[in-house]
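*Asks:* The following comprises the amino acid sequence and a computationally predicted model.
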Amino acid sequence: MQIIKYFMLFIILVACSLIGRYLSKKYVMRVKELEEMRNALNMFQSKIKFTYEPIPEIFGEIAQSAYGTVGQVFHLAKEKMKTNTANMAWEEAIEESQNNLTNEDKYVLKTLSKLLGQTDVEGQSSQIEMTQKFLETQLKEAQEQKEKNEKLYSKLGTTIGLVIVIILC
């Protein structure tokens, strides 16, 4: 009987620790996604300036080379451009993608859609640059939150697990 009790207490401790690590991972993934989005926008700006390819083709290339959810955003936007305008497709792709971005991050990324597909290359390029500047601010904030909260949630999960185990003993 004691073995079952200790085993259950161990399971509770491990579960609480894993929950804490899961919550802390959200901050790490947000930073990674923002960095990947910044890289994807750099690629988008270069391709739009120098290759003069249509936006759906560029989005398709970025979708293949981008990491994880960022690639999914570009793929989703490319698919939505078959039925919608470029700006609407981009906004819908940002909203529908499953990622770790905050509403503020999504709002910054949606600013790109204002001139997407509606102006010349220079206008779109300047809009990408403006979005990248806003994204840099978001990236700095995300890194600060990561530094502060990553260890906090990991240790908090383990601590809560230990408290529960002590109470139940």
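*Replies:* Yes, it's here.

*Asks:* So E150: helix, strand or coil?
*Replies:* Put simply, E150 is helix when judged by DSSP: H, G, I helix; E, B strand; the rest coil.

*Asks:* Once you drop chain neighbours, what's closest to it?
*Replies:* Of all residues not flanking E150 in the chain, S24 sits nearest, at 4.6 Å (CB to CB, 6 or more residues apart in numbering). Heads up, the C-betas are built off the backbone N, CA and C, glycines and all.

*Asks:* Using CSV, list the CA coordinates for stretch 108-121.
*Replies:* Output in CSV follows, covering the C-alpha atoms of stretch 108-121 (Å, rounded to 0.1, in the frame of the first residue of the first chain):
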residue,chain,number,x,y,z
VAL,A,108,2.3,44.1,-35.7
LEU,A,109,2.4,41.4,-38.4
LYS,A,110,-1.0,42.5,-39.7
THR,A,111,0.4,46.0,-40.4
LEU,A,112,2.2,44.4,-43.3
SER,A,113,-1.1,43.7,-45.0
LYS,A,114,-1.9,47.4,-45.5
LEU,A,115,0.0,47.8,-48.7
LEU,A,116,0.6,44.1,-49.6
GLY,A,117,-0.2,43.6,-53.2
GLN,A,118,-1.6,47.1,-53.6
THR,A,119,1.4,49.3,-54.3
ASP,A,120,4.6,49.1,-56.2
VAL,A,121,7.8,47.3,-55.1
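
*Asks:* host element of the residue nearest to E150?
*Replies:* Take DSSP states H and E as the rule and S24 turns out to sit in helix 2-50.

*Asks:* relative orientation of the helix or strand just after that helix and helix 2-50 in degrees?
*Replies:* The helix or strand immediately downstream of helix 2-50 is helix 55-65, counting by DSSP H and E. Relative orientation of helix 55-65 versus helix 2-50 (axes from the mean of the first three to the mean of the last three CA atoms, to 10 degrees): 140 degrees.
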